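**Student:** just to be clear, the model below is a prediction. Sequence and coordinates:
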Amino acid sequence: MNNKYSKFLVHGLLITALSFASFVTDAGADDRLMVRQAGGLPYVSGGVGEESLQQLKDHVSEFNLKLVFAMTSGSYLSDVRVAIADAKGKTLLEATSDGPWFLAKLPRGKYRVVASYAGTAIERSIAVDATALKTVDFRWDHE
């Protein structure tokens with residue numbers, strides 16, 4: 001192999017490796033909060049791991065409802081099915097939480113929240129203010 005060709009190959013491989021490393025670093029640095037919509041209502045969920053929990057803490061002021069899912073032992077839960085209905089019983093939001101925190105932005109009013117985990121549903125009647133954060137804990141006795 002001639003020296004000119006081998007130099008070209010080494011430089012090409014080096015540039016490719018550096019570009020890939022830059023892409024991987026950028027992908028990790030761009031973990032923005034993924035706000036979803038259900039029934040026209042914005043919500044986010046997560047909180048598995050310190051990074052995800054910190055992201056939610058940084059944005060909690062943008063929401064007025066915070067649901068927290070855990071076992072009575074204190075272990076946090078994910079994959080909790082959430083349904084929120086208005087005072088007339090109309091379901092406004094249905095989603096599955098990606099972690100122990102579920103944040104939503106609801107109009108001021110009264111709601112029925114049903115959280116289901118491992119076949120057990122827990123229901124809460126709540127009142128939400130337009131700006132103040134309402135926190136509701138859901139605790140299950142067994143998995």
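**Tutor:** Received it, and whenever you're ready, just let me know what you need. Numbers count the residues shown, from 1 in each chain.
**Student:** those strands in the protein, which residues are they?
**Tutor:** 36-38, 41-46, 65-71, 80-86, 91-97, 101-104, 109-117, 120-128, 134-140 (DSSP state E).
**Student:** and the residue nearest the centre of this structure?
**Tutor:** In the chain, the residue lying closest to the centroid (Cα atoms, centre = their mean) is Ser45, at 2.3 Å.
**Student:** what's the closest non-adjacent residue to that one?
**Tutor:** Ser97 (4.1 Å; Cβ to Cβ, 6 or more residues apart in numbering). (Each C-beta comes from the backbone N, C-alpha and C, glycine too.)
**Student:** ditto for Thr135
**Tutor:** Per Cβ to Cβ, 6+ apart, closest to Thr135 is Lys66, 4.5 Å.
**Student:** my guess is the one you found contacts Lys134. True?
**Tutor:** Yes: taking contacts as Cβ atoms under 8 Å, Lys66 lies within contact range of Lys134: 7.1 Å.
**Student:** adding distance to Leu53 and mean pLDDT, write the strands of the chain out as CSV.
**Tutor:** Putting those into CSV (distance: least, Cβ to Cβ, whole Å; pLDDT from 0 to 100) gives the following:
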stretch, distance to Leu53, mean pLDDT
strand 36-38, 18, 92
strand 41-46, 8, 95
strand 65-71, 11, 98
strand 80-86, 16, 98
strand 91-97, 13, 97
strand 101-104, 7, 97
strand 109-117, 19, 98
strand 120-128, 22, 98
strand 134-140, 15, 97
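**Student:** winner for burial among these?
**Tutor:** With neighbours defined as mean count of other Cβ atoms under 10 Å, these peak in mean count at strand 101-104, which reaches a mean of 26.
**Student:** let me see the contact set for Ala115.
**Tutor:** 67, 69, 80-82, 121-122, 124, 138 (Cβ atoms under 8 Å, 6 or more residues apart in numbering).
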